[in-house]
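[1] Just need the structure, nothing else, for what follows:
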Amino acid sequence: MPSTAHAILQETLQHLGFAATIEEQPIEDGVLLDIKTDDASASHLIGRAGQTLSDLQYLTNRLVFRLDPTAPKVDRKSTRLNSSHT
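    Now for the predicted structure:
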């Protein structure tokens, strides 16, 4: 079952028009959300100097915290972008 962060990020990406899938993998201090998209979308999703990806991380954290204040934070070390959309 996907985590709250996974569900929020997936829905946000859909609303923004990104064709992406998210794979969730458990890690020691939470979950890894691996975003998979095609090469054309990857640069738009990352943004200049990673700003768009950082903004998505911030929004995801704010929404997750509002729903579950005890949920682990999504941070850069647990977010990865992979440009091989399946």
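
[2] going forward, measure contacts between C-alpha atoms and count neighbours the same way
    Will do.

[3] what about the chain, any weak spots by pLDDT?
    Within the chain, the segments meeting pLDDT under 70 span 1-2, 39, 75-86.

[4] contacting residues around residue 73?
    30, 61 (Cα atoms under 8 Å, 6 or more residues apart in numbering).

[5] Would you confirm that it belongs to a helix?
    No: Residue 73 is assigned coil when assessed by DSSP: H, G, I helix; E, B strand; the rest coil, not a helix.

[6] for it, phi and psi?
    phi -70, psi 150 (degrees, to the nearest 10).

[7] same thing with residue 31?
    phi -130, psi 150.

[8] Can you tell me, leaving aside adjacent residues, what's nearest to it?
    In this structure, residue 31 finds its nearest non-sequential neighbour in residue 25, 5.6 Å apart by Cα to Cα, 6 or more residues apart in numbering.

[9] helices and strands around the helix or strand encompassing residue 22, which ones?
    According to DSSP states H and E, residue 22 maps onto strand 20-27. Judged by 3 or more Cα pairs under 8 Å, 6 or more residues apart in numbering; DSSP states H and E, strand 20-27 is in contact with helix 4-15, strand 30-37.

[10] buried set for stretch 60-74?
    Residues 60, 61, 62, 64, 65, 73, 74 are the ones in stretch 60-74 that count as buried (16 or more other Cα atoms under 10 Å).

[11] next one: stretch 31-39
    Buried residues in stretch 31-39, defined by neighbour count with 16+ other Cα under 10 Å: 31, 32, 33, 34, 35, 36, 37.

[12] Distance to residue 49 and secondary structure added to the buried residues of stretch 60-74, as TSV?
    Putting the buried residues of stretch 60-74 into TSV (distance: Cα to Cα, whole Å; DSSP: H, G, I helix; E, B strand; the rest coil) gives the following:
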residue	distance to residue 49	secondary structure
60	19	helix
61	20	helix
62	22	helix
64	25	helix
65	26	helix
73	21	coil
74	19	coil
